[in-house]
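A.B. asks: Provided below are the primary sequence and the corresponding predicted coordinates.
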Amino acid sequence: MVATPKVPCTHCFSTLGVGSRMKIYKYLREKGRNTVSSLVSVVGLTQPTVSYHLKEMRDAGLLESEKLGKEVYYDVSKKCPAHSNACILSTITIPSM
C-alpha cells in the first residue's frame with residue numbers, strides 16, 4: 001500500500017492569501033531576518049496587527065522566530081512545514097505589491 005503524501009501547500013498558500021502577510025513574507029524573504037518594529041514601517045500597519053500576522057505565519061510553519069532581549073526577530077523558514085525538504089515557496093516568484 002502506498003502512503004498518501006501530506007499536502008501542506010494549500011495551507012501555506014491560504015495563510016499567505018492575506019495581502020499584508022504576503023507583503024511581510026516577501027520582505028523577509030528578500031531582506032532576511034527582521035524585527036517586528038522594522039516590519040511595522042514596511043507594511044504600514046499597527047504593531048499589534050503585524051504581530052498577529054507574524055504569529056499566524058509562524059504557527060503555519062512559514063516563519064521562524066527568535067527572541068533576543070526585548071526584540072523578536074523573524075525570518076522565513078527554509079523547510080517545508082510538513083516535510084523535511086525545502087519549502088516550495090522559496091522557489092516561486094512573488095509579484096510586486
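C.D. replies: Nice, I can see it.

A.B. asks: State whether Val42 and Ser20 are indeed in contact, as I suppose.
C.D. replies: No - the pair Val42 / Ser20 is not scored as a contact, 10.1 Å apart, by CB atoms under 8 Å. (Glycine included, C-beta is placed from N, CA and C.)

A.B. asks: Is the nearest residue to Gly32 once chain neighbours are set aside in a helix, a strand, or coil?
C.D. replies: Computed as CB to CB, 6 or more residues apart in numbering, the closest residue to Gly32 that is not its neighbour in sequence is Asp75, at 6.4 Å. Assigned with DSSP: H, G, I helix; E, B strand; the rest coil, Asp75 falls in the strand class.

A.B. asks: Just give the number of residues close to Asp75.
C.D. replies: Other residues within reach of Asp75, judged by other CB atoms under 10 Å, total 15.

A.B. asks: Beta-bridge partners for it, please?
C.D. replies: Beta-bridge partners of Asp75, counted by DSSP bridges, are Glu64.

A.B. asks: try the one 4 residues further on
C.D. replies: According to DSSP bridges, Ala86 are recorded as the beta-bridge partners of Lys79.
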